[in-house]
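>>> build me a structure from this.
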Amino acid sequence: MVWNRWQVRPALANDRFADPGWSYQEPVVRPCPRCGGQLHSLRKPYESAGKTYRYVALVCPACPATFTLSEVGAKSTTTS
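The predicted structure is shown next:
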(Lines give C-alpha, C1' and ligand atoms only; values in the text may rest on other atoms or scores of the structure.)
Protein backbone atom coordinates (compact mmCIF):
# COMPACT_ATOMS: atom_id res chain seq x y z
CA MET A 1 0.00 0.00 0.00
CA VAL A 2 2.74 2.49 0.95
CA TRP A 3 4.82 1.58 -2.08
CA ASN A 4 1.83 1.92 -4.43
CA ARG A 5 0.89 5.33 -3.05
CA TRP A 6 4.30 7.00 -2.42
CA GLN A 7 6.94 4.64 -3.92
CA VAL A 8 8.82 4.34 -0.60
CA ARG A 9 9.56 1.36 1.67
CA PRO A 10 9.89 2.70 5.23
CA ALA A 11 11.05 0.58 8.16
CA LEU A 12 8.03 -0.79 10.02
CA ALA A 13 7.29 0.52 13.51
CA ASN A 14 5.21 -2.61 14.15
CA ASP A 15 5.33 -6.04 12.47
CA ARG A 16 1.58 -5.95 11.80
CA PHE A 17 2.18 -3.03 9.42
CA ALA A 18 3.47 -5.65 6.94
CA ASP A 19 0.15 -7.54 6.95
CA PRO A 20 -2.27 -7.15 4.02
CA GLY A 21 -5.58 -5.33 4.39
CA TRP A 22 -4.47 -1.74 5.10
CA SER A 23 -6.28 1.17 3.46
CA TYR A 24 -5.52 4.88 3.28
CA GLN A 25 -7.56 7.07 5.60
CA GLU A 26 -6.40 10.71 5.64
CA PRO A 27 -3.60 13.19 6.32
CA VAL A 28 -2.88 13.60 10.05
CA VAL A 29 -2.92 16.85 12.04
CA ARG A 30 0.32 16.01 13.90
CA PRO A 31 3.63 16.42 11.99
CA CYS A 32 6.23 13.69 11.61
CA PRO A 33 8.37 13.54 14.80
CA ARG A 34 11.47 12.79 12.72
CA CYS A 35 11.40 15.37 9.89
CA GLY A 36 8.32 17.56 10.48
CA GLY A 37 6.72 16.30 7.25
CA GLN A 38 3.09 15.41 6.65
CA LEU A 39 1.92 12.20 8.32
CA HIS A 40 -0.80 10.06 6.76
CA SER A 41 -2.94 7.44 8.47
CA LEU A 42 -3.63 3.93 7.26
CA ARG A 43 -6.24 1.65 8.85
CA LYS A 44 -6.67 -2.11 9.04
CA PRO A 45 -9.82 -3.72 10.48
CA TYR A 46 -9.67 -6.53 13.04
CA GLU A 47 -12.21 -8.27 15.26
CA SER A 48 -12.07 -8.81 19.00
CA ALA A 49 -14.86 -10.04 21.31
CA GLY A 50 -17.39 -9.82 18.48
CA LYS A 51 -16.63 -6.16 17.68
CA THR A 52 -14.74 -4.67 14.74
CA TYR A 53 -11.88 -2.29 15.49
CA ARG A 54 -9.22 -0.71 13.29
CA TYR A 55 -5.46 -0.68 13.74
CA VAL A 56 -3.76 2.61 12.87
CA ALA A 57 -0.43 3.05 11.12
CA LEU A 58 1.07 6.50 10.57
CA VAL A 59 3.30 7.00 7.54
CA CYS A 60 5.66 9.85 6.63
CA PRO A 61 6.59 9.41 2.97
CA ALA A 62 9.22 12.20 3.24
CA CYS A 63 11.56 10.39 5.71
CA PRO A 64 10.30 7.69 4.94
CA ALA A 65 9.14 6.25 8.29
CA THR A 66 6.18 4.62 10.02
CA PHE A 67 4.89 5.25 13.53
CA THR A 68 2.26 4.01 15.94
CA LEU A 69 -0.11 6.51 17.56
CA SER A 70 1.70 6.13 20.89
CA GLU A 71 5.06 6.90 19.25
CA VAL A 72 3.78 10.33 18.27
CA GLY A 73 2.00 10.89 21.60
CA ALA A 74 -1.52 10.71 20.17
CA LYS A 75 -4.65 8.70 20.93
CA SER A 76 -6.29 9.41 17.57
CA THR A 77 -5.33 10.78 14.16
CA THR A 78 -7.46 13.91 14.59
CA THR A 79 -5.79 15.39 17.70
CA SER A 80 -2.68 17.55 17.67
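
>>> surely residue 63 meets residue 9?
No. Taking contacts as Cβ atoms under 8 Å, residue 63 lies outside contact range of residue 9: 11.6 Å. (Glycine included, C-beta is placed from N, CA and C.)

>>> show me which of the two is the more surrounded one.
Taking residue 63 and residue 9 together and counting by other Cβ atoms under 10 Å, residue 63 has the greater number of neighbours (18 against 9).

>>> so where do the helices sit in the protein?
For the chain, applying DSSP state H gives helices covering 2-6.

>>> what does the lowest-mean-pLDDT helix or strand in the chain contact?
For the chain, using mean pLDDT, DSSP states H and E, the weakest element among its helices and strands is helix 2-6, scoring a mean of 90. With Cβ atoms under 8 Å, 6 or more residues apart in numbering as the test, helix 2-6 has contacts from 8-10, 24, 42, 59, 61, 64, 66.

>>> biggest separation within these, which pair?
Using Cβ to Cβ, those span at most 16.4 Å, a distance reached by 9 and 24.

>>> how many neighbours does residue 75 have?
By other Cβ under 10 Å, the residues close to residue 75 number 9.
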